[in-house]
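Engineer: Sequence isn't available, so here's the structure alone:
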């Protein structure tokens, strides 16, 4: 007879990930899948198949028509295996939500960037500008760090990479390091890779930079785009797919051709305008507010379908602390629904 351990070893198991509890009753869980269509929802679903659960899954990465079809098929198979569970995809753009709905999935539009915390990412007073631009991005090819080459001074905040990405990451880090001192990797390096950087140190780096960079052609909503603006930085971006432009404002966000010279000129133009940081922050918060209210209303409507009265409190509950935590799947199970 197969044991639970042998069954787990025989399939592709996601052992950890991000999830957050939006409602304990009915149980509503928000969890961004990364490498799989349903991600952590599949592992959590197996552990609570006897009770109703609604999983809200942001698209994370750009979702085209083909991807929407694959996600919808995965959701149907999951629902057949777990009839008490519901999967709702959360498109990072209206088009993504439309494609998912067209493929037969439950879907609505809400940028995952609403969860960026303004209590963490904020302007800091009395910080001297040391860099023309800052680029907060993992050192991987799709982030296109080379497009920042012509900018006079750049701070690179390098996020973590997966095991498969590390060979490319070492090459990119070495290329960036060769441009010092005007181009500076803020992270300490360990075996040629960037070490973890505390959030407060990231905020200090943003405060010492004039402009935030967004240089990939395809990705997801890019948390750092809203982090820049909540810290008061204007943005130079290339055209992109994935949803990072949802909260952009043409008054302080320039979308320009993917050309190093054009990007440098745009950075210099925004740098020289010296737009007040509190102005950018307040405009960004004003754009976030209705989208946060709309998301909360959707959660309340979902609860109402389970017989729970709606509570349309428009106060965003996640400004100081986020419900989204990275944990091993077993710990998530214990926290979310008491799995032993």
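Structural biologist: That came through fine. These figures come from a predicted structure and were not determined experimentally.

Engineer: Name the spans of the chain whose pLDDT lies under the cut-off.
Structural biologist: 1-12, 35, 338-340 (pLDDT under 70).

Engineer: For the helix ranked longest in it, buried residues please.
Structural biologist: Identified as the longest helix of the chain according to DSSP state H is helix 277-304. Residues of helix 277-304 classed as buried under the neighbour-count rule (16 or more other Cβ atoms under 10 Å) are 277, 280-281, 283-285, 287-288, 291-293, 295-296, 298-300, 302-303. Every C-beta, even on glycine, is put in place using the N, C-alpha and C of the backbone.

Engineer: which secondary structure elements does that helix contact?
Structural biologist: strand 16-24, strand 27-30, helix 223-230 (3 or more Cβ pairs under 8 Å, 6 or more residues apart in numbering; DSSP states H and E).

Engineer: what are the ranges of the strands in the stretch 1-150 of the chain?
Structural biologist: 16-24, 27-30, 53-58, 85-91, 106-109, 131-136 (DSSP state E, counting those that start in this stretch).

Engineer: right, so these: which one is the most enclosed?
Structural biologist: strand 131-136 (a mean of 25; mean count of other Cβ atoms under 10 Å).

Engineer: Which neighbours in the sheet does it have, and how are they oriented?
Structural biologist: Counting by DSSP bridges, the strands paired with strand 131-136 are strand 154-157 (parallel), strand 209-214 (parallel).

Engineer: And the contacts of it?
Structural biologist: 143, 145, 148, 151-157, 159, 184, 202, 205-206, 208-213, 215, 224, 227-228, 233, 236, 267-268, 271 (Cβ atoms under 8 Å, 6 or more residues apart in numbering).

Engineer: in the sheet, who's paired with the closest residue to residue 106 other than its chain neighbours?
Structural biologist: Distances taken as Cβ to Cβ, 6 or more residues apart in numbering put residue 88 closest to residue 106, at 4.5 Å, once the chain neighbours are dropped. For residue 88, the beta-bridge partners under DSSP bridges are residue 56, residue 106.

Engineer: these two touch, right, residue 88 and residue 56?
Structural biologist: Yes. Counting by Cβ atoms under 8 Å, residue 56 is a contact partner of residue 88 at 5.3 Å.

Engineer: Let me see the domain layout of the chain.
Structural biologist: For the chain, automatic domain parsing gives the domain ranges 11-115+286-337, 131-275.

Engineer: among those domains, which is nearest residue 123?
Structural biologist: domain 131-275 (4.0 Å; Cβ to Cβ).

Engineer: one step back: now render the strands paired with strand 131-136 as JSON lines, adding distance to residue 121 and mean neighbour count.
Structural biologist: JSON lines is the format used below for the strands paired with strand 131-136 (distance: least, Cβ to Cβ, whole Å; neighbours: other Cβ atoms under 10 Å):
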{"stretch": "strand 154-157", "distance to residue 121": "12", "mean neighbour count": "23"}
{"stretch": "strand 209-214", "distance to residue 121": "11", "mean neighbour count": "26"}
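
Engineer: Compare the ones you listed and give me the one nearest residue 196.
Structural biologist: Set against residue 196 and scored by Cβ to Cβ, the strands paired with strand 131-136 come closest in strand 154-157, at 11.1 Å.

Engineer: how far does that closest one sit from the chain's center?
Structural biologist: From the chain centre to the centre of strand 154-157 is a distance of 19 Å (Cα atoms, centre = their mean, to the nearest Å).

Engineer: Stretch 33-41 now?
Structural biologist: With Cα atoms, centre = their mean, you get 14 Å for stretch 33-41.

Engineer: cool, and stretch 46-57?
Structural biologist: With Cα atoms, centre = their mean, you get 23 Å for stretch 46-57.

Engineer: where exactly do the helices run in the stretch 101-250 of the chain?
Structural biologist: Shown for the stretch 101-250 of the chain, the helices assigned by DSSP state H, counting those that start in this stretch span residues 166-177, 199-207, 223-230.

Engineer: most packed of the ones you listed?
Structural biologist: Greatest burial across the helices of the stretch 101-250 of the chain, using mean count of other Cβ under 10 Å, falls to helix 223-230, with a mean of 26.

Engineer: List the contacts of the spatially closest residue to residue 89 that is not a sequence neighbour.
Structural biologist: Spatial nearest neighbour of residue 89, excluding adjacent residues (Cβ to Cβ, 6+ apart): residue 107 at 4.3 Å. For residue 107, the contact set (Cβ under 8 Å, 6+ apart) comprises 88-91, 96-98, 100-101.
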